[in-house]
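**Q** Pasting a predicted model and its sequence here:
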Amino acid sequence: MKITKLDINLNRQINLFERKYSSEDRILFEELHDYIVRNKSIQGIDIEIPPMDFTGDIGYFVNKEKKYKYKGGINFLYGEDGGILNIGNTNDLYLRIYQKWIGKNGGSRADYYFSDYYRGVSLFCEESDYKRKLYEPYLINKLQPPLNDQYNYYNKSLYKELLKKEELASPSNHYMGFGYKSPNDY
């Protein structure tokens with residue numbers, strides 16, 4: 001099934017997200033995701049986002065909100081100024097946010113360095129992999145958080161600049177404890 005401009009309209013998209021969906025709808029979710037990724041654009045796409053299930057301090061969340069363990073959804077991580085720094089899709093909101101907070105999400109250097117930036121979190125639960133897979137690139141490009149690399153089709157310069165600054169500020173022995181190379185090794 002090829003996606004057309006007729007498929008990308010507000011009524012159809014809202015209808016998809018408000019009801020149980022068929023296998024044809026799943027194909028449309030995948031096609032919308034692929035359209036965004038292939039065209040590196042969300043132009044012409046407007047998806048209504050569910051209300052947040054939690055908004056608050058990231059430390060409070062990690063210590064008190066274990067009810068989100070094993071629940072899928074989309075998370076938004078905020079900086080000290082309240083601006084969104086990172087958006088992610090996960091099948092375990094609690095674990096992903098905890099890993100981001102302590103700097104050990106999948107072993108990426110960026111998560112290690114950027115963990116100190118995160119002060120707040122918002123999230124909404126969504127168990128459908130298809131919907132989460134579509135929400136993530138859409139939200140990243142709509143809201144343009146600076147610390148997202150994947151699906152960032154707007155401006156990666158700040159992400160790269162901050163990562164380089166953090167790598168250079170960190171002593172080489174910090175890297176070795178986590179199996180990372182120092183900036184001089186590249």
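**A** Thanks, I have the structure now. Residues are numbered from 1 along each chain as shown.

**Q** which sections of this structure are below the confidence cut-off?
**A** By pLDDT under 70, the weakly predicted segments of the chain are 1-23, 105-108, 171-186.

**Q** what about the strands in it?
**A** Secondary structure of the chain, counting by DSSP state E: strands at 54-57, 73-78, 84-90, 120-125.

**Q** Just the CA trace of the second one, in PDB.
**A** Listed in PDB are the C-alpha atoms of strand 73-78, where the atom choice follows Å, rounded to 0.1, in the frame of the first residue of the first chain:
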ATOM      1  CA  GLY A  73       4.500   4.900  25.900                       C
ATOM      2  CA  ILE A  74       6.200   8.100  24.900                       C
ATOM      3  CA  ASN A  75       8.400  10.000  27.300                       C
ATOM      4  CA  PHE A  76       9.500  13.700  27.300                       C
ATOM      5  CA  LEU A  77      12.600  14.700  29.300                       C
ATOM      6  CA  TYR A  78      12.900  18.300  30.300                       C
END
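
**Q** Would you tell me which helix is longest in the chain?
**A** Longest helix in the chain, counting residues (DSSP state H): helix 23-39.

**Q** Name the residues of that one that are buried.
**A** 25, 28, 29, 31, 32, 33, 35, 36 (16 or more other C-beta atoms under 10 Å). (Each C-beta comes from the backbone N, C-alpha and C, glycine too.)

**Q** One more: stretch 60-71?
**A** For stretch 60-71, by 16+ other C-beta under 10 Å, it's 61, 62, 65, 68, 71.

**Q** now do stretch 162-170
**A** 162, 163, 166, 167, 170.

**Q** quick one: contacts for the first one?
**A** Applying C-beta atoms under 8 Å, 6 or more residues apart in numbering to residue 162 gives the contacts 113, 114, 146, 147.

**Q** Cool, thanks, talk later.
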